[in-house]
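> dropping a prediction and its sequence here:
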Amino acid sequence: YDPKKSGAFSPVGSGFPASMRRIRGKRIKAMSYNNENIFAKILRGEIPCDKVYENDQALAFKDINPQAPVHILVIPKGPYISYADFGQQASDAELAGFMRAVGEVAKQLGVTERGSRILSNQGEDGHQEVPHFHVHLLGGKNLGRMIKPIDK
Ligand code: AMP
């Protein structure tokens, strides 16, 4: 196994961040999972969280900066950057376990009767801050319309 050939290794001083790769001579930006993101640290137990639910595949905890009376983050335990990454790369067991966790949390917090919302920000346009896939579960008040309509 040669990590340099596999592309999993970026030599120090090469001038390229680990996320820059060359494909057919073109420099491209290929996102790779960053193990130092804050949710990875929570999963490793290096940073505490206010846990509300856990199963084999997912962890749910309170958002530190709640935008609604109920604001929970549900994250997979595996290293996935975004919903798109998760949806493409995760196993069936991970996909199922994650979605079960979302449902269990909603039930546990009693938000489905009056209504609630899940959303997942991705990338720059989506204003994703933490590069570990997470779903926001929001509830406990009237949340208004989905997003602000674009200016016409
Ligand atoms: P996003 O823009 O979807 O990436 O949102 C990231 C969310 O993570 C924000 O709502 C933050 O308030 C939340 N957050 C950041 N750090 C922590 C933390 N240590 N514990 C709980 N929530 C956090």
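It's in.
> CA only for contacts and neighbour counts going forward, please
OK.
> mind listing what the residue most central in space within the chain touches?
A centroid search over the chain (C-alpha atoms, centre = their mean) returns residue 133, at 1.3 Å, as the residue closest to the centre. Neighbour list for residue 133: 75-76, 80-83, 86, 120 [criterion: C-alpha atoms under 8 Å, 6 or more residues apart in numbering].
> what does the biggest helix by length in the chain contact?
Secondary structure of the chain per DSSP state H: the longest helix is helix 92-109. By C-alpha under 8 Å, 6+ apart, the residues outside helix 92-109 that reach it are 52-60, 70, 74-76, 86-87, 112, 137.
> which SS class is residue 118?
Following DSSP: H, G, I helix; E, B strand; the rest coil, residue 118 is assigned to strand.
> distance of the closest residue to it other than its chain neighbours relative to the ligand?
Nearest residue to residue 118, sequence neighbours excluded (C-alpha to C-alpha, 6 or more residues apart in numbering): residue 137, at 4.5 Å. Using C-alpha to the nearest ligand atom, to the nearest Å, residue 137 is found at 10 Å from the ligand.
> next: residue 42.
From residue 42 to the ligand the distance is 7 Å (C-alpha to the nearest ligand atom).
> and residue 63, by the same measure?
Counting by C-alpha to the nearest ligand atom - residue 63 and the ligand are separated by 4 Å.
> what is the burial count for that residue?
19 (other C-alpha atoms under 10 Å).
> strands along this protein, start to end?
Remark: strands assigned in the chain by DSSP state E are 20-23, 26-29, 51-54, 58-62, 70-76, 116-119, 135-139.
> just checking, what packs against the last one?
So the one you mean is strand 135-139. Applying 3 or more C-alpha pairs under 8 Å, 6 or more residues apart in numbering; DSSP states H and E, one finds that strand 135-139 makes contact with strand 70-76, strand 116-119.
> so who does the residue lying closest to residue 61 once chain neighbours are set aside touch?
Distance criterion C-alpha to C-alpha, 6+ apart; nearest residue to residue 61, sequence neighbours excluded, is residue 51 at 4.1 Å. Residues counted as contacts of residue 51 (C-alpha under 8 Å, 6+ apart) are 59-62.
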